Every structure is written in C-alpha cells, then in structure tokens.
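A.B. asks: got a sequence here, can you model it:
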Amino acid sequence: MCPILSREHYFLQVINELNQHSVESGSLEERLRDMLLELAESVRDGKRLGMDTLHRLNKLFEQYQAIRLKVSLVPRAASLFAGETDEHTSDTGEEGQQLLLHSEFLDGPDQLRRKYMESIISLLEAMEKSTLALQTCVQCDRWFIPYRRAQVTKFCGSACRNRYHYERTKMGSRRLI
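C.D. replies: Okay, here's the model as predicted:
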C-alpha cells in the first residue's frame, strides 16, 4: 500500500480498548469492530484470509469512504554530495521539487468508525510488510506482538509474567495448608 495511511501497530491500541467502546447492534462501527477482530484472530491463529473475508472487507471499504487523497509539490531535499543531480528533475525543468502524496481521514479522531477503519488499515499494512505474529496475554488477555527472538511467549510483559507466577505460587501454597 502506498502511502502509509496509519500509525504503525495502531491496531494493538484499538483492539486492547475494544471493551471500553459501546456500539449499536447492526451499525457500521460494529461491522468494522468485528472485521478488525476477525483479521487479528486470523493472524494470531496463523490462518489465511479467505475470499469471503476479503469480499466483506471490500464491502466495508465501499460503505465507508474514510480517506481523502491529495498531491502536492514540496522542495526536494538537498543532495549530500556536491555536483550530484537527479536526471529526472533536470529533464522536466522542475529542479528542487518533489511530488508528495497526502492521505487524511475525513472523520475526527474521536469517532469510533475512524478508529476502527484506521486500525484495520494499520493491521493490513503490518500484514503486508512482513509476517506478523500476534498473541494474547495469558494473564491479562491484552493483545501484543512478541519479541522476534522469543521462542514461546505467553505474556505481554514482565509485570504480567511475574503476576501470573506469583498467583500460581500463592495458589500452590494454599493447597498445602
């Protein structure tokens, strides 16, 4: 996808806040939320996206035209090497200018449909860039991306890991009494 339309890993923040949002049954926001969860769960479970999912995702994109695109010219960054010129700009006579593609969302950042759409796009961009691994924490049920070098990751951080082991040890000591 070009240009980048969302913040990197924004979908994690939105997914972890889903229980704080209230949406009407049958609304566009509910369908966007469900699609976000379906995409995240398919990544977590290592499943491929089916044609049905892609069809429903494209229908959502058709229903909610969330993005406005705009093109502008900006000054080209000066070259680090003396005497270096770009052969494309000298031919066109537009020396010192570069084309820039802007993307912006139509709705305000506080609207749920924008949050869900931006998080879906963020997740799709992450899936497009590389193989993405998503997990849910055993202790707190929050979604997270495990460290690449980690062989087995069950916890989103050391606080959850420590809390899990503390509770497990505490429950074991109660059984002995």
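
A.B. asks: all contacts plus neighbour counts: C-alpha atoms, from now on.
C.D. replies: Noted.

A.B. asks: what mean pLDDT does stretch 10-22 get?
C.D. replies: For stretch 10-22, mean pLDDT rounds to 92.

A.B. asks: end-to-end on it?
C.D. replies: With CA to CA, to the nearest Å applied, stretch 10-22 spans 19 Å between its terminal residues.

A.B. asks: identify the residues contacting it?
C.D. replies: With contacts defined as CA atoms under 8 Å, 6 or more residues apart in numbering, stretch 10-22 is touched by 33, 36-37, 112, 115-116, 118-120, 122-123, 142-144.

A.B. asks: buried subset of those?
C.D. replies: With burial judged by 16 or more other CA atoms under 10 Å, the buried subset of the contacts of stretch 10-22 is 33, 36-37, 112, 115-116, 118-120, 122-123, 142-144.

A.B. asks: could you pull out the helices for this structure?
C.D. replies: Using DSSP state H, the helices of the chain run over 10-16, 28-44, 51-63, 87-92, 112-129, 158-176.

A.B. asks: which of the buried ones among the contacts of stretch 10-22 lies closest to residue 167?
C.D. replies: Proximity of the buried ones among the contacts of stretch 10-22 to residue 167 was ranked by CA to CA; the top entry is residue 142 with 18.0 Å.

A.B. asks: residues in contact with the closest one?
C.D. replies: Contact analysis of residue 142 by CA under 8 Å, 6+ apart lists 16, 136, 156.

A.B. asks: could you redo the last one with a cut-off of 7 Å?
C.D. replies: With contact taken as CA atoms under 7 Å, 6 or more residues apart in numbering, residue 142 is in contact with 16, 136.

A.B. asks: please apply the same query to the one 3 residues further on.
C.D. replies: Counting by CA under 7 Å, 6+ apart, residue 145 touches 133-135.

A.B. asks: and for stretch 129-140, what's in contact with it?
C.D. replies: 43-44, 126, 142-146, 154-156, 160, 164.

A.B. asks: let's see that with 10 Å instead.
C.D. replies: Residues outside stretch 129-140 that contact it (CA atoms under 10 Å, 6 or more residues apart in numbering) are 1, 12, 16, 40-46, 123, 126-127, 141-148, 153-157, 159-165, 167.
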